[in-house]
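Trainee: starting from these lines, generate the structure:
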Amino acid sequence: MSYSFRGKVCVITGAGSGIGRALAENLAGKGAKLALSDIDAEGLAETVRRCEALGAEVKSDRLNVAEREAVLLYADAVKAQFGKVNQIYNNAGIAYHGDVEHESFKDIERIMDVDFWGVANGTKAFLPMLIESGDGHVINVSSLFGLISVPSQSAYNAAKFAVRGFTEALNQEMRVGRKPVKVTCVHPGGIKTAVARNATYAENVDGKKGATLFDKYLAIHSPEMAARTIVDGVAKGKSRVLIGWEAKLLDVSQRFMPTGYQIIGGFVNRFANI
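Mentor: Residues are numbered from 1 along each chain as shown. Prediction:
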């Protein structure tokens, strides 16, 4: 029998744009009930409008995933409205560019607070409900940069590598404990979202140039394609989902050249001057 999302209660963070919005629309079209959140209230409202036009029942909340107590209260509110939670898509994230030499401790903490702790907060808040549902699923969005490191991305790499380790450990725990929860770690490649344009930068980095280069040369896949790939992976119960040929290629490169790829990446980054 094919997997059905109809009637599933799906929680999506970072739903105001990009992959989060595309996931919401995809799942709305499949008959899921949605709990959508984002720190961007205006973008979130547009996502809600689109999903309701597709016939979905939607709960909408402005939420900062880095605020743990707010996430815990949010989880209780979602359970109170829908009576259950089947899936959590921890998708919210931000970007930052800066060398270790120039970035501040606050820059690192900000990325870790949102990109790692936001995932940990969402997972911990909803996990008891997912177990209770009898067919739960945790979907945590890491990155291509959770597979390989890149100059100027030390903070982002740290957060996304942490998401990967956290999620893979959780997957093992659910299997060993025979809990009714599947776990998927997602590694998107170059997706056409606003993440580069909305990124923050160290003082010595030309942010506008970096965003332009990313949008022109690296953002090669649509958010809709990413959402389809993720949802398909969830339906098939995959533990890992790689999005884009470049994510698959670089994953293989890292496996076969764990140190060699770092030398190549450094030269490419220097040549691009970003």
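Trainee: burial count for Ala125?
Mentor: Per other C-beta atoms under 10 Å, the neighbour tally for Ala125 reads 25. The way it works is simple: take the backbone N, C-alpha and C, and place the C-beta from them, glycine included.
Trainee: not counting sequence-adjacent ones, nearest residue to it?
Mentor: With C-beta to C-beta, 6 or more residues apart in numbering as the criterion, Ala125 has its nearest non-adjacent residue at 3.8 Å, and that residue is Ala75.
Trainee: show the model's pLDDT score for the one you found.
Mentor: We have a pLDDT of 98 for Ala75.
Trainee: enumerate every residue touching it.
Mentor: Ala75 is in contact with 85, 125-126, 129, counting by C-beta atoms under 8 Å, 6 or more residues apart in numbering.
Trainee: ok, now with 10 Å
Mentor: By C-beta atoms under 10 Å, 6 or more residues apart in numbering, the contact list for Ala75 reads 11, 35, 85, 88, 121-122, 124-129.
Trainee: same thing with Met174?
Mentor: Residues in contact with Met174, defined by C-beta under 10 Å, 6+ apart, are 127, 130-131, 136-138, 180-183.
Trainee: got phi/psi on it?
Mentor: Geometry field for Met174 lists phi and psi as phi -70, psi -40, criterion degrees, to the nearest 10.
Trainee: helices and strands around the helix or strand containing Glu46, which ones?
Mentor: Using DSSP states H and E, Glu46 sits within helix 41-53. Contacting helix 41-53 under the criterion 3 or more C-beta pairs under 10 Å, 6 or more residues apart in numbering; DSSP states H and E are the following elements: helix 18-29, strand 33-38, strand 58-62.
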